[in-house]
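Visitor: task: produce atomic coordinates for the following.
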Amino acid sequence: MPHCSKCGTVVDAGAAFCHNCGASTGAAVAAPAGVAMPTQTGLSENVAGLLCYVLGWITGLIFLLIDKRPFVRFHAAQSLIAFGALQIISIILTMGFVGGSVFSGAFSWSAFGFWITMRHLVVLIAFIAWIVGMIKAYQHERFRFPIVADFADQIVGKQS
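Guide: Just a heads-up that it's a prediction; the model follows:
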């Protein structure tokens, strides 16, 4: 399926203009099966998808703003939501432990044990999601993280 070189929308093979943004489709060429076409940035979809995960939510946000291809936007949104949520959870856990220690007036080893266990669990989940997201994007698969992918679809719209 050819894509508009300006906005990334799927266009009909014989269309002269993109129905989404009105740009000429003269530069939009269909990729052979299994081959990802590079864009003006020189990045193919699978490499751009991989880069969406490299620095977590930061690169997810960057690619969500600069890349218009549906595949890349999905991975960017998924990275932004997944790693953003995991970072927020980590911050809440830290604040809960520190706040509990300060306001209770005493250090609790059981609270520390709970905090460190939960913190390690969040880090492990983030590491696994990071590796899986990069590998699947590089393999040009639209791998869907549980719960997160539905929110990513809402951000980028249901595009194929």
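
Visitor: please count neighbours and contacts with C-alpha atoms only from this point.
Guide: OK.

Visitor: what residues sit buried inside stretch 144-152?
Guide: For stretch 144-152, a neighbour-count test (16 or more other Cα atoms under 10 Å) marks 144, 148-149, 151-152 as buried.

Visitor: tell me which helix or strand of this structure sits lowest on mean pLDDT?
Guide: One helix or strand of the chain scores below all others by mean pLDDT, DSSP states H and E: helix 70-104, with a mean of 84.

Visitor: got the angle for the helix or strand following that one vs helix 70-104?
Guide: Using DSSP states H and E, the helix or strand that follows helix 70-104 towards the C-terminus is helix 109-138. Angle, helix 109-138 to helix 70-104, by axes from the mean of the first three to the mean of the last three Cα atoms, to 10 degrees: 170 degrees.

Visitor: summarise which helices and strands helix 109-138 is packed against.
Guide: Applying 3 or more Cα pairs under 8 Å, 6 or more residues apart in numbering; DSSP states H and E, one finds that helix 109-138 contacts helix 45-54, helix 70-104.

Visitor: where does pLDDT dip in the protein?
Guide: Applying pLDDT under 70 to the chain flags residues 1, 19, 22, 26-42, 98-109, 111, 158-160.

Visitor: follow-up on the earlier one: make a markdown table out of the helices and strands packed on helix 109-138 and add distance to residue 113 and mean neighbour count.
Guide: Below are the helices and strands packed on helix 109-138 laid out as a markdown table (distance: least, Cα to Cα, whole Å; neighbours: other Cα atoms under 10 Å):
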| stretch | distance to residue 113 | mean neighbour count |
| --- | --- | --- |
| helix 45-54 | 30 | 25 |
| helix 70-104 | 10 | 20 |
